[in-house]
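A.B. asks: okay, predicted coordinates and the sequence, questions at the end:
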Amino acid sequence: VQLQASGGGLVQAGDSLRLSCAASARTFSFAMAWFRQAPGKQRDFVAGIEFNDGSTYYDDSVKGRFTISRDNAENTVYLQMNSLKPGDTAVYYCAAKGGVVRTTTPAYNYWGQGTQVTVSS
């Protein structure tokens, strides 16, 4: 499975962006997630979505502002980001794994190349 992330960019605080992650193969049975990595920091879990019932999970820092969703027919997962803050600046990665959502990077088998999100104050 190859993952292609897109949709990043340079925005101002308070703006919105929608990230997309397109998979090269059917991912309807995979848990999907977004992680982010700021310069000099580790890669952290942002949001995840289950394959079976569509349950979603979020890091506390993005709850109420970010929404993860998936379109299994299109093999695509999205991350709608609203009310962006400078602290959201990072490279955002999508990831996939069999089974259920986990919040740790070693749990994921497949990774996209990352898309840069920069939020200016």
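C.D. replies: Here it is on my side, so go on.
A.B. asks: closest to the centroid, which residue in this protein?
C.D. replies: Compute the mean C-alpha point of the chain, and by Cα atoms, centre = their mean the closest residue is residue 34, 2.3 Å away.
A.B. asks: wait, is residue 73 part of a helix?
C.D. replies: Yes: when DSSP: H, G, I helix; E, B strand; the rest coil is applied, residue 73 is found to be in a helix.
A.B. asks: quick check: pLDDT value at it.
C.D. replies: Looking at residue 73, its pLDDT is 87.
A.B. asks: residues near it, how many?
C.D. replies: Residues near residue 73, counting by other Cβ atoms under 10 Å, number 8. The C-beta positions use only the backbone N, C-alpha and C, and glycine is treated the same way.
A.B. asks: is the residue nearest to the centre of the chain in a bridge, and if so with what?
C.D. replies: With DSSP bridges applied, the residues forming beta bridges to residue 34 are residue 47, residue 94.
A.B. asks: so it makes contact with residue 49?
C.D. replies: No: using Cβ atoms under 8 Å, residue 34 is not in contact with residue 49, being 9.2 Å away.
A.B. asks: got any residues that touch both of these two?
C.D. replies: Listed as contacting both residue 34 and residue 49 by Cβ atoms under 8 Å, 6 or more residues apart in numbering are 68, 77.
A.B. asks: does the residue nearest to residue 99 when sequence neighbours are not counted lie in a helix or a strand, and which?
C.D. replies: By the measure of Cβ to Cβ, 6 or more residues apart in numbering, the closest residue to residue 99 outside its immediate chain neighbours is residue 31, 6.2 Å from it. For residue 31, the enclosing helix or strand under DSSP states H and E is strand 30-37.
A.B. asks: could you pull out the buried residues of that strand?
C.D. replies: When neighbours are counted by 16 or more other Cβ atoms under 10 Å, the buried residues of strand 30-37 are found to be 30-36.
A.B. asks: closest one of those residues to residue 14?
C.D. replies: Comparing the buried residues of strand 30-37 against residue 14 with Cβ to Cβ picks out residue 36 as the nearest, at 18.6 Å.
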